[in-house]
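S.K.: no sequence on this one, just coordinates:
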């Protein structure tokens, strides 16, 4: 579809397993784009608990399956909400099959650009983010569903002192994610967000924004989407961070200004998180980007071999990840939202 | 058209809230909403009250009427300065917004802003009467550099300053459409919420109260501990 470009990139970082997953709809399927736009989705399986990588891949697959089955007349906001609910069911079903109910989860962020109405729509749970890049300005559109945000809301409502804001030992602890029976704190657009020519939507996992500041992201975003994504992951790699998390980024651009054409596959499989490593790169910092079509055969074989290898490695791996812990106090989440008493309705 | 509204006014990281907000209930068909950012608590409250009193005495939506309302309020603040000669803080930035069933009009002095949104886009926003805005107008500063600029507190017009009382008022009334959205806010508010963030948060909000709370969370996330007072009134034209 003219006017929409897409880029993606993913790295393993310093982890043993790729627990991020991503996928996108076919931007050249004009029939679907007409009523479903172009959608990209990214998920980050929660480490420290069971089957994080499997959870993110299940969530992305279910999300895509249901979004692509979107009825022609259904609006995009409702369709992505429905897809998210189905993705949550998929993670719950998987967790149940593994005997890991509420001990298996993933974040998810999805953004859809609809070229005909020139609008952006999104939905997210957890701390994977959506940013909008316009005229050199990068704005975070989503709010992380973590303890910090929860405390700030309490403070705004006058039920927590300013001292209480800093009382939490792990403010980045998630308060919502896919894999919970009662899904809360969904960050979603309920109205279309109007796009301008040249706008870029960036979705990413925390492995990206914890490694790079806003300024560093902005520096990368002036290029076409695929180059931007490549530059983002390269910037992360250049930092050589000891505990670099898996990092996944997708950029959707809207506008008639055509940047250099980038070949992308018609369809991707979110499980393909490990491309053959470059000779110059160590195993733990391999970069994944969408390969050209002729590589599919080689890739399929490589994935099979690597999956087997990773399964063996995982069996031996006794290290408990410390980045994300999902010991969530759901007491507050299960209460219905009360209005902020300090905001007056007239 | 019915105008619904919501407001908040908080001290932020300060001891005293020197902002004030108020409204005249639109029972008679005309409503007036005021946001003031004073250099002291007294002048902010007096400014809001003076404008509401004057509008109530002359309820009309026209440029001359709003000009008179502001002029009378200026007189009230000058009287206050006379009564408190040792108080050198009796100045305020202010914005007032008036609406009837079909149209609206607003006026402002200083750096309290009025934003107008339609279909999710910003249709217009007021220009601050400030040194940094003058630098932008003269091409010496980019608009994006206003937030966080070291001279951003320097104002060229305020209520209470002799010779500086020239409110900006649109020449004609704004014809309302269902869904039109307005935000009147002090610099302690817009400093930490960009226009794109205002738009994005409205896309997520089922109502005005939720919109204000989302933006307030951005302020609390981004602002330093000693941040300024922040206040805002949000308005929505409903059929």
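M.R.: In hand now; what should we look at? Just so it is clear, the structure is predicted and the values come from calculations on it, not from any experiment.

S.K.: check contacts around residue B:65.
M.R.: Residue B:65 makes contacts with residue B:58, as judged by CB atoms under 8 Å, 6 or more residues apart in numbering or on different chains. Quick note: C-beta positions are derived from backbone N, CA and C, even for glycine.

S.K.: distance of residue B:4 from residue B:10?
M.R.: Shown here: residue B:4 relative to residue B:10, a distance of 21 Å by CB to CB, to the nearest Å.

S.K.: Of these two, which one has the most company?
M.R.: residue B:10 (22 against 14; other CB atoms under 10 Å in any protein chain shown).

S.K.: Got the phi and psi for the more buried one?
M.R.: In this entry, residue B:10 is assigned phi and psi values of phi -130, psi 150 (degrees, to the nearest 10).

S.K.: Listing request: residues of the chain with sub-threshold pLDDT.
M.R.: You didn't pick a chain, so chain A it is. A:1-2, A:48-49, A:256-339, A:341 (pLDDT under 70).

S.K.: Chain B was what I was after
M.R.: The model of chain B has pLDDT under 70 over residues B:26-28, B:164.

S.K.: Can you give the distance from the top helix by length along chain B to the centre of its chain?
M.R.: Secondary structure assigned by DSSP state H gives helix B:63-83 as the longest helix of chain B. With CA atoms, centre = their mean, to the nearest Å as the basis, helix B:63-83 stands 17 Å off its chain's centre.

S.K.: tell me which residues in it are buried?
M.R.: The neighbour-count criterion (16 or more other CB atoms under 10 Å in any protein chain shown) identifies B:65-66, B:68-70, B:72-74, B:76-78, B:80-81 as the buried residues of helix B:63-83.

S.K.: Just after it, pick out the following helix or strand.
M.R.: From helix B:63-83 onward toward the C-terminus, using DSSP states H and E, the following helix or strand is strand B:92-99.

S.K.: so, in contact with chain A or not, that following strand?
M.R.: No - shown here: strand B:92-99 not in contact with chain A (CB under 8 Å from any CB of the partner chain), separated by at least 12.1 Å.

S.K.: tilt between that strand and helix B:63-83?
M.R.: For strand B:92-99 and helix B:63-83, the angle between their directions (axes from the mean of the first three to the mean of the last three CA atoms, to 10 degrees) works out to 150 degrees.

S.K.: For the very next helix or strand once past strand B:92-99, which helices and strands make contact with it?
M.R.: For strand B:92-99, the following helix or strand on the C-terminal side (DSSP H and E) is strand B:103-109. Using 3 or more CB pairs under 8 Å, 6 or more residues apart in numbering or on different chains; DSSP states H and E, the elements in contact with strand B:103-109 are helix B:63-83, strand B:92-99, strand B:174-175.

S.K.: Tell me the strands beside the shortest one, with direction?
M.R.: Yep, that's strand B:174-175 we're talking about. Strand partners for strand B:174-175, identified by DSSP bridges, are recorded as strand B:103-109 (antiparallel).

S.K.: next one: the partner strand to chain centre, how far?
M.R.: Distance, stretch centre to chain centre, for strand B:103-109: 10 Å (CA atoms, centre = their mean).

S.K.: can you tell me if the next helix or strand after it touches chain A.
M.R.: Tracing the chain past strand B:103-109, the next element assigned as helix or strand by DSSP H and E is strand B:113-118. No - under the criterion of CB under 8 Å from any CB, strand B:113-118 makes no contact with chain A; the nearest approach is 10.1 Å.

S.K.: what does strand B:113-118 contact?
M.R.: B:95, B:97, B:106, B:108, B:122-126, B:128, B:174, B:177, B:179-185, B:187, B:190, B:195, B:198-199, B:202.

S.K.: Put together CSV for the buried residues of helix B:63-83, with distance to residue B:139 on each row.
M.R.: Compiled in CSV, the buried residues of helix B:63-83 are given as follows (distance: CB to CB, whole Å):
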residue, distance to residue B:139
B:65, 35
B:66, 31
B:68, 35
B:69, 34
B:70, 30
B:72, 37
B:73, 34
B:74, 32
B:76, 38
B:77, 34
B:78, 35
B:80, 38
B:81, 36
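
S.K.: Reformat the helices and strands packed on strand B:103-109 as JSON lines; add distance to residue A:214.
M.R.: Converted to JSON lines, the helices and strands packed on strand B:103-109 look like this (distance: least, CB to CB, whole Å):
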{"stretch": "helix B:63-83", "distance to residue A:214": "40"}
{"stretch": "strand B:92-99", "distance to residue A:214": "29"}
{"stretch": "strand B:174-175", "distance to residue A:214": "35"}
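
S.K.: Pull the most distant pair out of the buried residues of helix B:63-83.
M.R.: B:65 and B:81 (24.9 Å; CB to CB).

S.K.: can you tell me which of the contacts of strand B:113-118 are in helices?
M.R.: Checking the contacts of strand B:113-118 against DSSP H, those in helices are B:187, B:190, B:195, B:198-199, B:202.

S.K.: my guess is residue B:157 meets residue B:166, correct?
M.R.: Yes - with contacts defined as CB atoms under 8 Å, residue B:157 counts as touching residue B:166 at a distance of 5.9 Å.

S.K.: Which one's more surrounded, the two?
M.R.: Just comparing residue B:157 and residue B:166: by other CB under 10 Å the higher neighbour count belongs to residue B:157, 20 against 12.

S.K.: need the contact list for the more buried one.
M.R.: B:109-110, B:129, B:164-167.

S.K.: Next one: residue A:253 from chain B, what distance?
M.R.: Spatial separation of residue A:253 from chain B under the definition CB to the nearest CB, to the nearest Å is 16 Å.

S.K.: Give me the neighbour count for that residue.
M.R.: Applying other CB under 10 Å, we find 27 residues neighbouring residue A:253.

S.K.: Can you give the strand pairings for the strand or helix carrying it, parallel or anti for each?
M.R.: Applying DSSP H and E as the criterion places residue A:253 in strand A:247-254. According to DSSP bridges, the neighbouring strands of strand A:247-254, each with its direction, are strand A:4-11 (antiparallel), strand A:200-204 (antiparallel).

S.K.: Can you give me the buried ones in the first one?
M.R.: If I follow you right, that is strand A:4-11. Burial within strand A:4-11, assessed by neighbour count using 16+ other CB under 10 Å, is assigned to A:4-11.

S.K.: chain center to that strand, what's the gap?
M.R.: Averaged over its C-alpha atoms, strand A:4-11 has a centre that lies 12 Å from its chain's centre (CA atoms, centre = their mean).

S.K.: What helices and strands are in contact with the helix or strand that it is followed by?
M.R.: Scanning forward in sequence from strand A:4-11, with DSSP H and E defining helices and strands, the next element found is strand A:20-24. For strand A:20-24, the elements it packs on are strand A:4-11, strand A:38-45, helix A:52-68, strand A:247-254, judged by 3+ CB pairs under 8 Å, 6+ apart.
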